[in-house]
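Student: prediction below, plus the sequence it came from.
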Amino acid sequence: MEVGFLGLGIMGKAMSMNLLKAGFKVTVWNRTLSKCEELVEHGASIGETPAAVIKKCKYTIAMLSDPAAALSVVFDKGGVLEEICSGKGYVDMSTVDATTSSQINEAITKKGGYFLEAPVSGSKKPAEDGQLVILAAGDKTLYEEAIPAFDVMGKKAFYLGEVGNGAKMKLVVNMIMGSMMNAFSEGLVLADRSGLNQQTLLDVLDLGAISNPMFRLKGPTMIEGNYPPAFPLKHQQKDMRLALALGDENAVSMPVAAASNEAFKTARSLGHGDSDFSAVHERTRDRRRF
Ligand SMILES: NC(=O)C1=CN([C@@H]2O[C@H](COP(=O)(O)OP(=O)(O)OC[C@H]3O[C@@H](n4cnc5c(N)ncnc54)[C@H](OP(=O)(O)O)[C@@H]3O)[C@@H](O)[C@H]2O)C=CC1
Ligand SMILES: O=CCCC(=O)O
């Protein structure tokens, strides 16, 4: 199957590589062209613009940083809308808000194309291992046609109904994750400052009811003060911001998420935006501030 792929960041690179390895013919595009090289070495072709990729492929997947990027790739010059037409499917797997997804859906369907949003749970390693959890919503036919690709990229795909539901589910999940990360970070600092061994705290947590893969994976590197980017902090803060906006729309009070968003914003302002989101720990343990 011939598939287009737009956006070769941490996630897009791993996901498109898996498609190539599984035998898909993949045409890639990335704003920074040099990121296409490794994919080309593994057999991918390059499209010069998003429009060129759409023209060549029946199905195109996008994995872009945020709503501004997702909209730009569709609506700007050389964008998806220039070539999308009847019989072509566009699957946006970026984490965006429901309004952005709906705008893209409307524009694509107006031109005869069909659209699916399909944000994912799971980070760099699950993307490399084809173990993502896919939260799809939108055109049911396109969902069914995308299953062979979803089976390569993920371990489970959910179909959640109308466009917007995938985006909302993803934001709820990441809002919980971001709040958990802040509580975890505060716990590590509290243990340390009150004279406890942080590794022992990790061992205790791992044996109890709140044991989870995130604490297990991030705990040791947070203790070391090491934050190699798997999920960039700037994207986690974007997700907290979008989740809080969803809370506003639905009059849901979320003081824990709001405080976590402030912590991520502070960490961004301290220069940790491109580090892993666990670098919010640098803000928590900064003695000059707290
Ligand atoms: N990393 C993770 O663990 C996870 C991330 N996500 C979500 O997936 C998406 C991608 O994440 P990730 O791969 O980590 O992010 P990266 O920052 O590594 O990659 C972002 C991609 O978006 C492109 N991009 C950014 N702005 C623009 C623009 N204006 N026009 C065109 N392209 C643009 C970048 O191009 P360029 O190379 O030129 O900068 C790059 O290809 C995000 O929505 C994120 O929230 C979801 C699950 C897990
Ligand atoms: O959006 C990023 C999610 C990261 C994860 O699920 O581990």
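Tutor: Yep, that arrived. Ligands and ions are numbered 1, 2, ... in the order given.

Student: which residue does the chain have closest to ligand 2?
Tutor: Closest residue of the chain to ligand 2, CB to the nearest ligand atom: residue 123 (3.7 Å). Quick note: C-beta positions are derived from backbone N, CA and C, even for glycine.

Student: that residue reaches residue 229, doesn't it?
Tutor: No. At 9.8 Å, residue 123 does not count as touching residue 229 under the criterion of CB atoms under 8 Å.

Student: report whether the host helix or strand of residue 133 contacts ligand 2.
Tutor: Residue 133 is part of strand 132-138, with elements assigned from DSSP states H and E. No. Using CB under 6 Å from any ligand atom, we find that strand 132-138 stays clear of ligand 2, coming within 7.9 Å at best.

Student: strand partners of that strand, parallel vs antiparallel please.
Tutor: Strand 132-138 pairs in its sheet with strand 114-117 (antiparallel), strand 120-121 (antiparallel), strand 154-159 (parallel), by DSSP bridges.

Student: and these, which is most packed in?
Tutor: Ranked by average neighbour count under the criterion mean count of other CB atoms under 10 Å, the strands paired with strand 132-138 are headed by strand 114-117 at a mean of 27.

Student: for the record, mean pLDDT for it?
Tutor: Throughout strand 114-117, pLDDT has a mean value of 98.

Student: next: stretch 60-68.
Tutor: For stretch 60-68, mean pLDDT is 98.

Student: re the thing from before, any chance of the strands paired with strand 132-138 in JSON lines, with distance to ligand 2 too?
Tutor: Below are these laid out as JSON lines (distance: least, CB to the nearest ligand atom, whole Å):
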{"stretch": "strand 114-117", "distance to ligand 2": "14"}
{"stretch": "strand 120-121", "distance to ligand 2": "4"}
{"stretch": "strand 154-159", "distance to ligand 2": "12"}
